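Undergrad: need the 3D shape of this:
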Amino acid sequence: MNMHKLPDVVMVRSRRRRFLRLFLPLSCFLFLLGLCGPLLTAATAAADTRTEARVGIISDQTAPVLGDDVSIRLMNVSDQAMLDRIVQALGAKFNAVPVKVVYTRENDEFPQDAGLAVSFKVPVVPRGAGYLPIAPFVEALAPYAKRLRLAYVVKGPFVYRGYRETYSDKDISFTVKIPPDGNNQQAFYSMDVAISNPSLTSVAFTNYPEQGNKTPARNHLRIALALGAAIIILALGLLLALLLPRKKQGAGGKPEMIPDREAPTGGTND
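TA: Residues are numbered from 1 along each chain as shown. You can find the predicted model right below:
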């Protein structure tokens, strides 16, 4: 009887060795990537040269002509071309051409700042909507500012229905301070925003917090988590299939285990 054919258990061992030859380098790569990840994150954070932006908006809800007074100051930045780009970007986001654009350098409210400031008029706060825009300023200023302080002064009747609690995602976080009574004839609202992603072009949050609970982004996250769990289960199943020894069908149809023995070196057995 010719015994050149290797037993099944030896074939399983061979598959196991091939798997280990692939698995070990991949494990080392993932381990090194895990070590380098925090270092790369720290280096990126250290290289972040963005500044702080102060934005003030005065909106008169009783004015017959739409148009709010906006002022922007990038702390210790004197690049007028940069401010021009920000003004134009905001005009595009609010679907209006900014008018009465004026540049100023000194301001008694910011004695520590030696940079430029720009002021202009553009419609910002929609009438009767009950929210104060945050996203357009975040998207326009993300490449230049890692912290954004928004200050809204709203004149006339205004019922605020926007965010009241802290919001946070992987790109930004912000807190909102509102007056005790949002129906005052003149009310002050402030938003303190931290922007971690300088390449941010589109934010995930909506104008109203209740809409955030219904956004497709949350559904997409649930689908992604379910898909990830399915992939992990499948990978574990394949891993077990590779590592566990196979069974061989016996003469009576019942499975029997092949004994763990070394492969014959050759020859025949009578």
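
Undergrad: going forward, measure contacts between C-alpha atoms and count neighbours the same way
TA: Fine.

Undergrad: any chance you could map the strands in the protein?
TA: For the chain, applying DSSP state E gives strands covering 51-60, 68-74, 99-104, 117-122, 145-155, 167-168, 172-177, 186-195, 248-249, 255-256.

Undergrad: looking at those, which is closest to G228?
TA: Between G228 and the strands of the chain, the shortest gap by CA to CA is with strand 167-168, which sits at 23.3 Å.

Undergrad: tell me the domain ranges of the protein?
TA: For the chain, automatic domain parsing gives the domain ranges 51-205, 208-241.

Undergrad: tell me which stretches of the chain form helices.
TA: 8-46, 80-93, 135-141, 209-212, 216-243 (DSSP state H).

Undergrad: picking up where we left off before, for the strands of the chain, give me a markdown table that also has distance to L90, mean neighbour count and mean pLDDT.
TA: Below are the strands of the chain laid out as a markdown table (distance: least, CA to CA, whole Å; neighbours: other CA atoms under 10 Å; pLDDT from 0 to 100):
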| stretch | distance to L90 | mean neighbour count | mean pLDDT |
| --- | --- | --- | --- |
| strand 51-60 | 12 | 20 | 96 |
| strand 68-74 | 10 | 21 | 96 |
| strand 99-104 | 12 | 13 | 95 |
| strand 117-122 | 9 | 22 | 96 |
| strand 145-155 | 14 | 20 | 96 |
| strand 167-168 | 22 | 14 | 93 |
| strand 172-177 | 19 | 17 | 94 |
| strand 186-195 | 17 | 19 | 94 |
| strand 248-249 | 72 | 13 | 46 |
| strand 255-256 | 73 | 12 | 50 |
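
Undergrad: any chance of those strands in JSON lines, plus distance to F110?
TA: What follows is those, written out as JSON lines (distance: least, CA to CA, whole Å):
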{"stretch": "strand 51-60", "distance to F110": "10"}
{"stretch": "strand 68-74", "distance to F110": "9"}
{"stretch": "strand 99-104", "distance to F110": "12"}
{"stretch": "strand 117-122", "distance to F110": "10"}
{"stretch": "strand 145-155", "distance to F110": "13"}
{"stretch": "strand 167-168", "distance to F110": "28"}
{"stretch": "strand 172-177", "distance to F110": "21"}
{"stretch": "strand 186-195", "distance to F110": "17"}
{"stretch": "strand 248-249", "distance to F110": "82"}
{"stretch": "strand 255-256", "distance to F110": "84"}
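
Undergrad: low-confidence stretches in the stretch 1-150 of the chain?
TA: 1-46, 108 (pLDDT under 70).

Undergrad: re the thing from before, and M82, which of the strands of the chain is closest to it?
TA: strand 68-74 (9.5 Å).

Undergrad: who are the packing partners of the closest one?
TA: Applying 3 or more CA pairs under 8 Å, 6 or more residues apart in numbering; DSSP states H and E, one finds that strand 68-74 makes contact with strand 51-60, strand 117-122.

Undergrad: residues contacting it, please?
TA: Here strand 68-74 makes contact (CA atoms under 8 Å, 6 or more residues apart in numbering) with 51-60, 115-125, 145.

Undergrad: any idea how far D169 is from L225?
TA: 17 Å (CA to CA, to the nearest Å).

Undergrad: again but with G67, I slipped
TA: Noted for G67: a distance of 31 Å to D169, by CA to CA.

Undergrad: kindly check the end-to-end length of stretch 150-169 for me.
TA: Termini of stretch 150-169 sit 19 Å apart (CA to CA).

Undergrad: let me fix that, I meant to ask about stretch 135-155.
TA: 21 Å.

Undergrad: format the helices and strands packed on strand 68-74 as CSV; extra columns: distance to A229.
TA: Listed next are the helices and strands packed on strand 68-74 as CSV, based on distance: least, CA to CA, whole Å:
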stretch, distance to A229
strand 51-60, 40
strand 117-122, 48
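
Undergrad: Y131: which of those strands is closest?
TA: strand 51-60 (12.2 Å).

Undergrad: can you give the strand pairings for the closest one, parallel or anti for each?
TA: strand 68-74 (antiparallel), strand 145-155 (parallel) (DSSP bridges).
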